[in-house]
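Colleague: output the structure for:
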Amino acid sequence: MSSKVPERQLLSTLSPVRRSRTPWPRSCAEGSVRTCTCDYEHKERSPSGKDWEWSGCSDNVRFGSKFSRKFVDVVERGRDFRSMMNLHNNEAGRMHVKKALKKECKCHGMSGSCTIKTCWMRLQSFRHVGDVLKDRFDGATKVLPGNEGNMRETVKKLQLQSGERQPQGTWPRRPGVF
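Modeller: Numbers count the residues shown, from 1 in each chain. Below you'll find the model as predicted:
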């Protein structure tokens, strides 16, 4: 598939997502990997006065993101427009994985009374994250190279970028979407 086709840009955005969603984040949480642990980031944000607490072992998405940067971003060596756009989209994909964490809880108490709940964060399915990215891709911002090979427009971190117009009839089109 030609790298100039917009669908290729969606697929390249999904690549770091797939790497972030490898068994590593869950394996870290389960203690199967010596080089990483649970993600304790949420424990500091325990809600006061709630009938539950952050106590479980959350999936270590930061480790998964680091892992994906090592294996996916390494191929984008240049500082040209396409490399910068791909790196931006890779990072946007990883940020969407982090945003797609969902709270899971387990009840504790006599006869399932749920007097106390412990909660942790889990990665959502690859399908869910892929659907979110597909929706974001449909609204991707078209960017053009600047004179120095950089991007003319500043794009928000979570916004996907496209260097080309979508061919007619390939994706659902909305007015003003490239």
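Colleague: so which strand or helix has Cys107?
Modeller: With the criterion set as DSSP states H and E, the secondary-structure element containing Cys107 is strand 102-108.
Colleague: and the helix or strand just after that strand, which strands flank it?
Modeller: Proceeding N to C from strand 102-108, the next assigned helix or strand is strand 116-122, under DSSP H and E. Pairing partners of strand 116-122, with direction, according to DSSP bridges: strand 52-54 (parallel), strand 102-108 (antiparallel).
Colleague: worst mean pLDDT among those?
Modeller: Per-stretch mean pLDDT for those is lowest at strand 52-54 (a mean of 62).
Colleague: what are the buried residues along the helix or strand following that one?
Modeller: Scanning the chain past strand 52-54 towards its C-terminal end, the next helix or strand to appear is helix 61-72 (assignment: DSSP H and E). Residues Val61, Arg62, Phe63, Gly64, Ser65, Phe67, Ser68, Arg69, Val72 are the ones in helix 61-72 that count as buried (16 or more other CB atoms under 10 Å). Every residue, glycine included, has its C-beta placed from N, CA and C.
Colleague: what mean pLDDT does helix 61-72 get?
Modeller: Along helix 61-72, the predicted confidence averages to a pLDDT of 81.
Colleague: where does pLDDT dip in the protein?
Modeller: In the prediction, the chain carries residues with pLDDT under 70 at positions 1-28, 40-56, 146-178.
Colleague: what residues of the longest helix along it count as buried?
Modeller: Ordering each helix of the chain by length in residues (DSSP state H) puts helix 81-99 first. Within helix 81-99, the residues scored as buried using 16+ other CB under 10 Å are 81, 84-94, 96-97.
Colleague: how about stretch 125-145?
Modeller: Of the residues in stretch 125-145, those buried by neighbour count under the rule 16+ other CB under 10 Å are Val129, Gly130, Val132, Leu133, Arg136, Phe137, Asp138, Ala140, Val143.
Colleague: check contacts around Cys114.
Modeller: Remark: with contacts taken as CB atoms under 8 Å, 6 or more residues apart in numbering, Cys114 is in contact with Cys107, His108.
Colleague: much appreciated, bye for now.
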